[in-house]
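Undergrad: Give the three-dimensional model of this entry:
(4 chains)
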There are 2 protein chains.
Amino acid sequence: MTRSEENYIKAIYHLSKADKKAVATNTIAEQMQTKPSSVTDMLKRLSEKALINYIKYQGATLTDEGTKTALSIIRKHRLWEVFLVEKLHFSWDEVHVLAEQLEHIKSEKLVDRLDQHLGFPEFDPHGDPIPSKLGVFAETTKKLLHELAVKSRGRCVGVKDSSSTFLKFLDKIQIALGDEITVLDKEEFDGSMLIQIKERSFRISNQITTNLYIRMI
Amino acid sequence: MTRSEENYIKAIYHLSKADKKAVATNTIAEQMQTKPSSVTDMLKRLSEKALINYIKYQGATLTDEGTKTALSIIRKHRLWEVFLVEKLHFSWDEVHVLAEQLEHIKSEKLVDRLDQHLGFPEFDPHGDPIPSKLGVFAETTKKLLHELAVKSRGRCVGVKDSSSTFLKFLDKIQIALGDEITVLDKEEFDGSMLIQIKERSFRISNQITTNLYIRMI
DNA sequence: ATATATTTTTAGTCTTATCTAAATATACGT
DNA sequence: ACGTATATTTAGATAAGACTAAAAATATAT
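TA: Numbering: from 1, shown residues only, chains lettered A, B, ... in the order given. This is a model prediction of the structure:
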């Protein structure tokens, strides 16, 4: 498998996650920042390798083999992200780009050793589940904060808007990745919430609650 | 820089290390397992990028920029090797192939963090020195065991013949990477040596002494 | 239902990195 | 020094992966 093939497989996986329908050529092109004609070329190649089901003008779906491949790449990506954050102390918003390179390193033994070294983590720094060697992984329980009910409790695992202004703002009001959050009150009028982090409780705006991912505890 | 360009630069560096003369096209082809014509193509490209000095029919030498590039790749290679051995507990004979992939990961920050994480090691698991960020590194003091004088002392850092039969034999007679060795006696007749490792002293053959690398302490 | 807009594919070109075969330059032996 | 052997380069081809422009298929609107 070439690096490019792997990237297409990954893209198709992510795009077909939401709805199970075949993924359109243009959709892939947009995701991959390439031209539709390049995508068509690649879809033919992947189809020949039996990694996708491809019907002209109808888009593509992953075969079982393709799904297996996608999960293996995602497993590597997320394990490297954990490594970068936990061991090399990168911040969780800078690891994605690096993991995009590291995910293509070819060695099953390396991935397994890394997994072990990290203590078999189930989630990456963004709260996304890490597929096991066999391709099984936890159902994603990640929710936006504003979806939580009053009195529910979760751990802050990621942001939707990863702009640096937002990240800096979170830092300023002292919300960090990994913090446990309890919802004390929800205000219907403006969507704001009264939350508790550690011993502090304070009110945060709708702009924050709709951009902060929480994993239920 | 493409991966292939990096590999050529590295090859030229290693080949011109011994003697300072220009490296021949065929020599590079052999090292890289490619055809001389492919090498010629690449030499032209690298020359245009000012990474090598190349004169037709006369071979290539690295420019300052090329040397800097080579050292940066070697730094990454050796740091990853240390990581694989120290943190993921790979054996020192299986890390080279993996490091050949990892050395191409592009991120200065990652390398520096890795360096720090490993405690700024000066040598890789094979006893080769690790260039610093600025490209300086310890003079290689690695010697073959049979070059050592009686009473000298060193640490076992590598093997010349990395065949698995030799590695297994070393294991059998309980010589491991990192062991401190003292030369107690040298026998001119057969080249054998009486050595001491920890509390044990025993005699080893010429075949071993000419294939075991030692770094002086 | 038919014209128009959009999506997708095809055809042909480009770059990188490789190859083979042929041509040319350098080196070696007597 | 001269012919042969070896080393190196050139020329032309191939494959992956991208592109542009044009053609074809599908979707949409009135």
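
Undergrad: how about the strands in chain A?
TA: A:52-55, A:59-62, A:142-144, A:153-159, A:180-186, A:193-197, A:200-204, A:212-216 (DSSP state E).

Undergrad: Tell me which other helices or strands the first one touches.
TA: Translated: strand A:52-55. helix A:36-48, strand A:59-62 (3 or more C-beta pairs under 8 Å, 6 or more residues apart in numbering or on different chains; DSSP states H and E). Using the backbone N, CA and C atoms, a C-beta is placed for each residue, glycine as well.

Undergrad: how about the residues of chain A that lie near DNA strand C?
TA: Contacts of chain A with DNA strand C, taken as C-beta under 7 Å from any atom of the strand, map to A:24-27, A:36-37, A:39-41, A:43-44, A:54, A:56-59.

Undergrad: ok, the residues you listed vs chain B, which is closest?
TA: residue A:41 (20.9 Å; C-beta to the nearest C-beta).

Undergrad: Quick one: closest of the helices and strands packed on strand A:52-55 to residue B:217.
TA: helix A:36-48 (55.3 Å; C-beta to C-beta).

Undergrad: and the closest one, anywhere near DNA strand D?
TA: Yes: counting by C-beta under 7 Å from any atom of the strand, DNA strand D has neighbours in helix A:36-48: A:37, A:38, A:41, A:42, A:45.

Undergrad: Please pick the buried ones from those.
TA: The neighbour count (16 or more other C-beta atoms under 10 Å in any protein chain shown) marks A:42, A:45 as buried among the residues of helix A:36-48 next to DNA strand D.

Undergrad: Show me chain A divided up by domain.
TA: A:3-62, A:143-216 (automatic domain parsing).

Undergrad: Using TSV, please lay out these together with mean pLDDT.
TA: Output for those, formatted as TSV (pLDDT from 0 to 100):
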stretch	mean pLDDT
domain A:3-62	96
domain A:143-216	92
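
Undergrad: circling back to that earlier point, if we take the residues of chain A next to DNA strand C, which one ends up nearest to residue B:186?
TA: residue A:41 (65.8 Å).

Undergrad: The closest one and residue A:65: what is the separation?
TA: 20 Å (C-beta to C-beta, to the nearest Å).

Undergrad: Kindly report the same for residue A:93.
TA: In terms of C-beta to C-beta, residue A:93 sits 33 Å off from residue A:65.

Undergrad: out of the domains of chain A, deepest packed?
TA: domain A:3-62 (a mean of 17; mean count of other C-beta atoms under 10 Å in any protein chain shown).

Undergrad: Got phi/psi on the residue lying farthest from the centre of chain A?
TA: Centroid-distance maximum for chain A: residue A:189 at 31.3 Å, with C-alpha atoms, centre = their mean. Backbone torsions of residue A:189, given as degrees, to the nearest 10, read phi -50, psi -50.

Undergrad: got it, and residue A:205?
TA: Per degrees, to the nearest 10, the backbone of residue A:205 is at phi -80, psi 160.

Undergrad: Identify the bridge partners of the nearest residue to residue A:185 once chain neighbours are set aside.
TA: Leaving aside its chain neighbours, residue A:185 sits nearest to residue A:194 (3.9 Å; criterion: C-beta to C-beta, 6 or more residues apart in numbering or on different chains). Here residue A:194 sits in beta bridges with residue A:185, residue A:203, going by DSSP bridges.

Undergrad: can you pull the contacts of residue A:194?
TA: A:183, A:184, A:185, A:186, A:187, A:201, A:202, A:203 (C-beta atoms under 8 Å, 6 or more residues apart in numbering or on different chains).

Undergrad: so the fourth one touches residue A:204, yeah?
TA: By that I understand residue A:186. No: look at residue A:186 against residue A:204 with C-beta atoms under 8 Å: they stay out of range, at 11.0 Å.

Undergrad: Need the overlap of contacts for these two.
TA: Joint contacts of residue A:186 and residue A:204 (C-beta under 8 Å, 6+ apart) are A:192, A:193.

Undergrad: which stretch among the strands of chain A comes nearest DNA strand D?
TA: strand A:52-55 (8.8 Å; C-beta to the nearest atom of the strand).

Undergrad: in its sheet, what does that closest one sit against?
TA: strand A:59-62 (antiparallel).

Undergrad: Break down chain A into its helices, ranges please.
TA: Along chain A, counting by DSSP state H, helices occupy A:3-17, A:25-32, A:36-48, A:64-86, A:95-102, A:108-117, A:164-172, A:206-209.

Undergrad: Any chance of those in a markdown table with distance to chain B as columns?
TA: Listed next are the helices of chain A as a markdown table, based on distance: least, C-beta to the nearest C-beta, whole Å:
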| stretch | distance to chain B |
| --- | --- |
| helix A:3-17 | 10 |
| helix A:25-32 | 19 |
| helix A:36-48 | 19 |
| helix A:64-86 | 8 |
| helix A:95-102 | 5 |
| helix A:108-117 | 4 |
| helix A:164-172 | 16 |
| helix A:206-209 | 29 |
